[in-house]
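> sharing a model that was predicted from the sequence below.
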Amino acid sequence: MEIIATLGLNSSIQRLHEAGATGLQISPSFLAMGPLATFSLTHTLEAIEETHRLGLKAGVQINAFVMEEQQAEVEHQIQTLLETQPDWIWFHDPMIFETLKKFNQTSLGIYDATTLTTNAEDIQFWKDQGCASVTLSDTLTQEECLQLASSCPYGEVKAFGYFVTAVSHRRFLTDYQQATQLTGSLAYQEGLFLQEENREGKMPIYEEEQGTLVYQDTIFWATEEMKQLADKGIKQFRLDGSFLPEEVLLQAVSTLSQVLQGTGSDTLESQYPTLVFSKGYAYQKTNVVKVK
Amino acid sequence: MKKPELLAPAGDLERAKIAIRYGADAVYLGGQRFSLRSRASNFSLEAIQEACSFAKEYGARIHVTVNLIPHQEDLVGLDEYLLALKDCGVTAFIMASPSLIRRAKEIVPECEVHLSTQMSSCNSTTLAFWKNQGVDRAVLARECTLDEIEKITATNLLPTEVFIHGAMCANWSGQCVLSNLLTLRDANRGGCAQSCRWRYHLLDQKEERSDPNCLFTMGSKDLMAMDALYPLMKAEVSSFKIEGRMKSLFYVATVVRSYRKMIDLIAEKERPLTEEEKAPYLKEIQRAENRPFGTGFLLGDLGTQGQLYDRSEDYVTHDFVGIVTAYDAYTSKGLIQVRNKLQKGEDLEVFGPHTEPQEFFVEQLWSKDHEPIEQEPRNMVEVECGLPTCEVGDLVRRSRHVV
């Protein structure tokens, strides 16, 4: 069973290890997007080595969109990363997969297109290409995940965190700031939220050089459901600490680890009453027509 | 100079026929399953067959969108559907799901597969990957610049298709499920509620950062690539795509006609159009376009200038009035099928695939039974009136600025 946690620049590999993480996801700034994508290539290499030294697995997230002119640099960085023998490379752009193929490393690939893996056939497609795993879309219901767990037990499930709901090439916050003449920089700032004018939920928004990400308005947390998926054969769970204090991620890692092993119960929500948790789409089916 | 395919959208059979008559080389449309625009009328198999037959008469082609991101339950009946589309005479499927692509190439290899923009293809190595999966053409991401499009197309890995006109997704296509979150409608299965165009408060923790008179929005201006047509043609992009399966017949006719004429003119002159040459087409497109437009990412990120913060949303200058269903050159009279209340004493304009816009005054109106009438408010009813030289199928419109 793999319990994989995201690593922030200031978070402790040792503490994540002690909490129960078996692997870490590291996000280099050029190759990845999001508030955790702050690792320089050198920092990434050091973090992979340190993670391995502590006996954990280490993977690299490459979720940026690769434009034509960036290909050579992306390939160079991947080649450099491969020298430290990472255990996984999460990707969504087939360019990354082709690069892994060039270096005979397709088995490191985890296809993580966030919204696009919604059926067994598409998951099998990426498995057939030689990938290690495929991340299930967080838009799936628990019933759908259970079906996929049976047919595709090599699937990876996102088990915790604010999940991305939209990614843009545009720098929305900077554009808005200029349009309204707001003072102070909004780019690279955590703690900013969008609230639709007629709704209550607050969605984290984060802008960086490569664009803007908007996240769901609640923290996904569903240990009982994760246990059901583990019982059906899912072996890899990923927890994302974006926008959260390290202690919350550590507690989530520890709790999930214990729940999956049947050695503890879940008290996370009661420990952090000010945070808004939900089970995401687990019991909310999305459709093509307006749901009242 | 080689002309690219001009690819137009159609939400129903009438719009498909209009698009072809007004100059589209190909039309893309959605069937009643596996497509991404649940609110478009969408085509039955019979209608697709009729569209294919009509297209064939004009030497045009029909592409069908099979581009939803399917959940398990959506996959039932796929083989039968693809086979039926082939039998209808469809040229290509526009697809995103890799397993759908694989299946299409297995059971209907005679049909082309065009990779949907949902897959956000923005580099040539990605095209190499999809070529190996049997894809015949790639619709490039709208985030690509002109320079990137030129370089990707120059690799000759796959023919490329590029959006030249219409609404822009604010986010990477396929990577936006805002509608799922805010409305429980699945954006990747045709339920996009355009939540990116809604208004949002921007909060710093609990403090409001947004301007209450101009709330935050992700909505972007529409794309209008008039200035990029020549370099895109020179780069040998295979297909120029107009967005808008939800758009009206009037919009489709106006926009297709304008781009048809511009492409033909550029091919003939083998140079970019001058400002003077472009001006009438710009004016023409503005008659149907209801949002301000920009060059998208083609000439680089427009920043604030590419976004829509203004609430005054209606920019269209003309309203669609009706279609000419009969014309007698001897009497200079014809029949107009009314689509938007027509009355005696109006100044109107008629235009068509071969008819330059001509103004005319409705001096008298008659019912189809030749009874003089003052007005006809009913949709689809035919009325008779005097018309300048025109053809059956031409459209009649009214300027909003006429007092």
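Nice, I can see it.
> report the secondary structure state of A:T99.
With DSSP: H, G, I helix; E, B strand; the rest coil as the basis, A:T99 sits in helix.
> which residues touch it?
Listed by C-beta atoms under 8 Å, 6 or more residues apart in numbering or on different chains, the contact set of A:T99 reads A:V74, A:E75, A:I78, B:T125. All C-beta spots, glycine's among them, are computed from the backbone N, C-alpha and C.
> could the residues you listed go into TSV alongside secondary structure?
Output for those, formatted as TSV (three-state DSSP):
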residue	secondary structure
A:V74	helix
A:E75	helix
A:I78	helix
B:T125	helix
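> would you show me how to pick out the buried ones of those residues in PyMOL?
Filtering these down to the buried ones (16 or more other C-beta atoms under 10 Å in any protein chain shown) takes a single PyMOL command:
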select buried, (chain A and resi 74+75+78) or (chain B and resi 125)
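> rebuild the contacts of A:T99 as JSON lines, extending it with distance to A:Q210 and pLDDT.
Below are the contacts of A:T99 laid out as JSON lines (distance: C-beta to C-beta, whole Å; pLDDT from 0 to 100):
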{"residue": "A:V74", "distance to A:Q210": "12", "pLDDT": "98"}
{"residue": "A:E75", "distance to A:Q210": "17", "pLDDT": "98"}
{"residue": "A:I78", "distance to A:Q210": "17", "pLDDT": "98"}
{"residue": "B:T125", "distance to A:Q210": "18", "pLDDT": "98"}
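> closest to A:E190 out of the contacts of A:T99?
Distance to A:E190 across the contacts of A:T99 (C-beta to C-beta) is lowest for A:V74, with 25.8 Å.
> how close does that closest one get to A:A32?
A:V74 sits 11 Å away from A:A32, going by C-beta to C-beta, to the nearest Å.
> what touches both of the two?
With C-beta under 8 Å, 6+ apart, A:V74 and A:A32 have common neighbours A:I62.
> re earlier: which pair of the contacts of A:T99 spans the longest distance?
Checking those with C-beta to C-beta, the most distant pair is A:I78 and B:T125, at 11.7 Å.
> buried sites along the host helix or strand of B:T325?
When secondary structure is defined by DSSP states H and E, B:T325 falls within strand B:318-328. Buried residues in strand B:318-328, defined by neighbour count with 16+ other C-beta under 10 Å: B:H318, B:D319, B:F320, B:V321, B:G322, B:I323, B:V324, B:Y327.
> hey, C-alpha coordinates of the longest helix anywhere in chain A in CSV?
Ordering each helix of chain A by length in residues (DSSP state H) puts helix A:246-261 first. What follows is helix A:246-261, C-alpha atoms only, in CSV (Å, rounded to 0.1, in the frame of the first residue of the first chain):
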residue,chain,number,x,y,z
GLU,A,246,1.8,21.0,7.4
GLU,A,247,0.2,19.7,10.6
VAL,A,248,-3.1,19.1,8.8
LEU,A,249,-1.4,17.1,6.1
LEU,A,250,0.6,15.1,8.7
GLN,A,251,-2.6,14.4,10.6
ALA,A,252,-4.4,13.3,7.4
VAL,A,253,-1.5,11.0,6.4
SER,A,254,-1.4,9.5,9.8
THR,A,255,-5.2,9.0,10.0
LEU,A,256,-5.5,7.5,6.5
SER,A,257,-2.6,5.2,7.1
GLN,A,258,-4.2,3.9,10.3
VAL,A,259,-7.7,3.6,8.8
LEU,A,260,-6.4,1.6,5.9
GLN,A,261,-4.5,-0.7,8.2
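> helices or strands next to that helix in the packing?
strand A:2-6, helix A:13-19, strand A:155-161, helix A:223-232, strand A:236-239, helix A:268-271 (3 or more C-beta pairs under 8 Å, 6 or more residues apart in numbering or on different chains; DSSP states H and E).
> of the ones you listed, flag the one that's most buried.
Of all the helices and strands packed on helix A:246-261, strand A:2-6 carries the top mean neighbour count, a mean of 25, counting by mean count of other C-beta atoms under 10 Å in any protein chain shown.
> nearest spatial neighbour of A:S11, chain-adjacent residues omitted?
A:E246 (4.8 Å; C-beta to C-beta, 6 or more residues apart in numbering or on different chains).
> helix, strand or coil for whatever residue of the stretch 251-400 of chain B ends up closest to chain A?
At 4.5 Å from chain A, B:T304 is the closest residue in the stretch 251-400 of chain B, using C-beta to the nearest C-beta. Secondary structure state of B:T304, per three-state DSSP, is helix.
> test my guess that it contacts A:D175.
Yes - contact criterion C-beta atoms under 8 Å: B:T304 and A:D175 qualify, at 4.5 Å.
> who has more neighbours out of these two?
Legend: neighbour count by other C-beta atoms under 10 Å in any protein chain shown for B:T304 and A:D175, higher for A:D175 (24 against 14).
> any idea how far the more buried one lies from A:Q142?
Distance from A:D175 to A:Q142, by C-beta to C-beta: 38 Å.
> same check on B:M218?
30 Å.
> same question for B:T295.
From B:T295 to A:Q142 the distance is 44 Å (C-beta to C-beta).
> and the helices in chain A?
Under DSSP H, chain A gives helices at A:13-19, A:41-53, A:71-82, A:94-102, A:120-128, A:142-151, A:172-180, A:223-232, A:246-261, A:268-271.
> around B:E46, how many other residues sit close by?
10.
> please apply the same query to A:A132.
For A:A132, using other C-beta under 10 Å, the count is 19.
> which residues touch it?
A:W88, A:S107, A:L108, A:G109, A:I110, A:Y154.
> going by distance to chain B, which of those wins?
For the contacts of A:A132, the nearest to chain B is A:G109 (12.1 Å; C-beta to the nearest C-beta).
> chain B versus the residue lying closest to that closest one once chain neighbours are set aside, what's the distance?
Closest residue to A:G109 apart from its sequence neighbours, by C-beta to C-beta, 6+ apart: A:C131 at 4.1 Å. Taking C-beta to the nearest C-beta, to the nearest Å as the measure, A:C131 falls 12 Å from chain B.
> low pLDDT regions in the chain?
As the question left the chain open, I've gone with chain A. Along chain A, segments meeting pLDDT under 70 span A:288-292.
> chain B, not that one
In chain B, residues with pLDDT under 70: B:36-41, B:311-315, B:401-403.
> all helices in it, in order from the N-terminus.
Counting by DSSP H, the helices of chain B are B:13-21, B:45-57, B:78-88, B:98-107, B:124-132, B:146-154, B:178-183, B:229-234, B:249-269, B:275-286.
> mind checking which of those helices is nearest A:Y215?
Short answer: helix B:178-183, nearest of the helices of chain B by C-beta to C-beta, at 9.4 Å.
> is that closest one in proximity to chain A?
Yes - for helix B:178-183, a contact with chain A is found by C-beta under 8 Å from any C-beta of the partner chain, at B:L178, B:N180, B:L181, B:L182, B:T183.
> wait, B:V362 sits on B:E384?
No - in this structure B:V362 lies outside contact range of B:E384 using C-beta under 8 Å: 10.8 Å.
> close to chain B: what parts of the stretch 1-150 of chain A are there?
A:65-71, A:93-95, A:97-99, A:113-116, A:118-122, A:124-126, A:139-140, A:144, A:147-148.
> picking up where we left off before, how many other residues sit next to the residue nearest to A:S11?
For A:E246, using other C-beta under 10 Å, the count is 16.
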